[in-house]
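Trainee: Need coordinates for the following:
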Amino acid sequence: MPMLDDRRGTKRKLATEPSNSPASQEPGSSAVEAEVQALIQGITAACERSVEKIDRSGLRKQTHQLADYCKSDDLVEMIVGQGAVAAVVPLLTVGEKADAALQQSFSEIRKEACFILGLLAVKPDFQRKIAEADALPGLVKLLEAHNINSPARSTNPAERGGGSGGVARRAADAITNLAHENIDIKNKVRSEKGIAPLVRLLSSMDLKVQRAAAGALRTLAFKNEDNKSQIVECGALPLLIQMLRAEDPGVHYEAVGVIGNLVHSSTEIKQQVLQEGALQPVINLLGSSCPESQREAALLLGQFATQQPDDDGPDYKSRIVQRGAVPPLIKMLASPDNQLKEMAAFALGRLAQNTHNQAGIVQCGGLPQLLDLLESKHYNLQHNAAFALYGLSDNEDNVPCIIQAGGLQRMTDCADRLQVQASKDCVHKTIGRIRQKLEREDKRVLNHVIYSLRSSDRAMQQAVAVSLAQLAPTSELKLIFVDKGGLEVLLDLVTDKHLTTKRLIEGAAALLELAKKVNATSPVEAQPQQPQKSVYLGEEYVNSKTLADICFLVEGRPFYAHRIALLASSEAFRAMFNQGFRESEASSIEIPNISYEVFTAMMRYIYVGSVEVEQEWAMQLLQV
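Mentor: Residues are numbered from 1 along each chain as shown. The predicted structure follows:
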């Protein structure tokens, strides 16, 4: 199965505003603690007055200054310890029973209160403290009070600068942070009837309110089945799918995130989402300018791919591909963003479980990218690529493509270096699947691969010959390596001085594997006779003038030898000295095109029967 990190509930980063706090904000500063204490006392005192007697301008200034201090994570614990929660929560409902005009004048104060509570909810203990102070009922009321038909910038002078949009957005953000990874508060938001107002805000004319509401729903839906059900029952799906088409990246990012959390581990909701028409808008997000939206869309498509349709039409794997998802997913594989590559490989791995999709992914250029990801240092990328390649190898038309691209060598090379055992197993299964395709009785795949030996592309020829040496049926080795020239390709590979050491090793390993197979299947009588043991003159006669009757000139340097030793060692020397060549009468013979070290090694073998070979001139000695 593809590997995927658990989807996490998103904790919103609350937008910050310029700080005008006059005091130093260094932790432990007595001036800071004194000012924070004064601000909290001032806020508490203001809430104890009647609405009409509250200095709204002064209270707004105090809440704004306290919010500035709350932006520093290092100060939050001190601020909570000073009693900020108990002082700020009442501000959520301050002036709620006053007339409409007076209520409006408290909007900025309520907004700052929501902002402060969201900033303080950085630890489970602080989240619990805020919830126990009855903040949630006040936050829900602020959500309900928002006029969804009001534009982001109100034309009403009474609302300008402090309309309900800003308050509702801050209230939704506060709920997001309070519920982040806190199952108790997620349940409490539902019991306080906070989900329905959040769903309603998805229809707001204010895009910032839409985003904030979707962000809260995304967090509430994460690993909470009861919340998921209520969000769907409140009619969120059509609104979220509309938001997928939004021009604002922030809107469609939050929307696709909510849908992703809703469908996670819920087949029923996944089917409802698809029936509501989410498939094409999600595919379209693969081309978004927002990498986060692309990532969420790819993940969601991977989840959609597992769904079985209710109708008699093709499965969703086919529908996703038919609607154009593969090209943008393959493009994402080349992104510098590892998370984007991970999600794209995850989606392609799921789509590759369909036979027709398998060929399409390869033909669209997905194979080289997936092979690259298999060699990544990130285990999630490795595994998702391995799973996708396993799916692609199931299609017999893809097997020649994998072999021609050098895929078999790359998989073999990295199989045991992968970080996760499941990834190693997946690669070994892929290699086994390719072997099975090559061994089929109809030989369709094998013949297609063999035909590739005719290619004018030498790299492809070599990749094919190496792969066939490893995986071709033994009964076909003569056809491949003698009749079709595969052996010549391998010999050219191992003698090509321009290739990398890695390629030369691959060629040598292929020759060794081929030799083992041939040796294992050859009858005993067909084995060549072993050469008879020679009598060696010994080390003391190597390049010795003693009884020497011939001298070779190599790179201008003399090398003394004995004709009798040379005649006994080689047909070439016997021909040189016995058949009328001019060398047979010469006392010295010049040897061109060979280094003195290599010639000495060869002669030492003739005289002694063994020689130590240096790596840098081993190939020259073999050629001699």
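Trainee: For the spatially most central residue of the chain, which non-adjacent residue is closest in space?
Mentor: The centroid of the chain falls nearest to residue 342 when counting by C-alpha atoms, centre = their mean (2.3 Å). Closest residue to residue 342 apart from its sequence neighbours, by C-beta to C-beta, 6 or more residues apart in numbering: residue 380 at 5.0 Å. C-betas here are computed from N, CA, C, even on glycine.
Trainee: For the protein, which segments count as strands?
Mentor: Using DSSP state E, the strands of the chain run over 550-554, 557-561, 588-591.
Trainee: So which elements touch the first one?
Mentor: Secondary-structure packing of strand 550-554 (3 or more C-beta pairs under 8 Å, 6 or more residues apart in numbering; DSSP states H and E): strand 557-561, strand 588-591, helix 596-608.
Trainee: Out of the ones you listed, which gets nearest to residue 258?
Mentor: Closest approach to residue 258 among those (C-beta to C-beta): helix 596-608, 72.7 Å.
Trainee: Which secondary structure elements does that closest one sit against?
Mentor: Using 3+ C-beta pairs under 8 Å, 6+ apart, helix 596-608 sits against strand 550-554, strand 557-561, helix 563-569, helix 618-623.
Trainee: Turn these into JSON lines, columns for mean neighbour count.
Mentor: As requested, the helices and strands packed on helix 596-608 are arranged in JSON lines below (neighbours: other C-beta atoms under 10 Å):
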{"stretch": "strand 550-554", "mean neighbour count": "17"}
{"stretch": "strand 557-561", "mean neighbour count": "17"}
{"stretch": "helix 563-569", "mean neighbour count": "17"}
{"stretch": "helix 618-623", "mean neighbour count": "14"}
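Trainee: Let me have these in JSON lines, extended by distance to residue 369 and mean pLDDT.
Mentor: As requested, these are exported to JSON lines (distance: least, C-beta to C-beta, whole Å; pLDDT from 0 to 100):
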{"stretch": "strand 550-554", "distance to residue 369": "52", "mean pLDDT": "92"}
{"stretch": "strand 557-561", "distance to residue 369": "55", "mean pLDDT": "93"}
{"stretch": "helix 563-569", "distance to residue 369": "55", "mean pLDDT": "84"}
{"stretch": "helix 618-623", "distance to residue 369": "35", "mean pLDDT": "67"}
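Trainee: could you dump these to JSON lines with distance to residue 608?
Mentor: Formatted as JSON lines, the helices and strands packed on helix 596-608 follow (distance: least, C-beta to C-beta, whole Å):
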{"stretch": "strand 550-554", "distance to residue 608": "17"}
{"stretch": "strand 557-561", "distance to residue 608": "13"}
{"stretch": "helix 563-569", "distance to residue 608": "11"}
{"stretch": "helix 618-623", "distance to residue 608": "15"}
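Trainee: closest to residue 129 out of those?
Mentor: helix 618-623 (75.4 Å).
Trainee: returning to what we had before: near the residue nearest to residue 342, how many other residues are there?
Mentor: 23 (other C-beta atoms under 10 Å).
Trainee: how near is it to residue 306?
Mentor: Separation of residue 380 from residue 306 (C-beta to C-beta, to the nearest Å) stands at 18 Å.
Trainee: shaky segments in the protein?
Mentor: The chain contains residues with pLDDT under 70 at 1-29, 97-103, 152-164, 522-535, 579-584, 615, 618-619, 621-624.
Trainee: my read: residue 399 touches residue 389, true?
Mentor: No - contact criterion C-beta atoms under 8 Å: residue 399 and residue 389 do not qualify, at 11.5 Å.
Trainee: Which residues does the lengthiest helix in the chain contact?
Mentor: Identified as the longest helix of the chain according to DSSP state H is helix 501-521. Residues outside helix 501-521 that contact it (C-beta atoms under 8 Å, 6 or more residues apart in numbering): 409, 462, 465-466, 469-470, 474, 477, 481, 487, 490-491, 493-494, 496.
Trainee: Out of those, which sit inside helices?
Mentor: Among these, the ones falling in helices (DSSP H) are 409, 462, 465-466, 469-470, 477, 487, 490-491, 493-494.
Trainee: Quick check: ChimeraX command selecting the buried ones in those residues.
Mentor: In ChimeraX syntax, the buried subset of the ones in helices among the contacts of helix 501-521 is picked out as below (16 or more other C-beta atoms under 10 Å):
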select :409,462,465,466,469,470,477,487,490,493,494
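Trainee: okay if I get the ones in helices among the contacts of helix 501-521 as CSV plus distance to residue 616?
Mentor: CSV is the format used below for the ones in helices among the contacts of helix 501-521 (distance: C-beta to C-beta, whole Å):
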residue, distance to residue 616
409, 25
462, 24
465, 27
466, 25
469, 27
470, 29
477, 33
487, 27
490, 23
491, 21
493, 20
494, 16
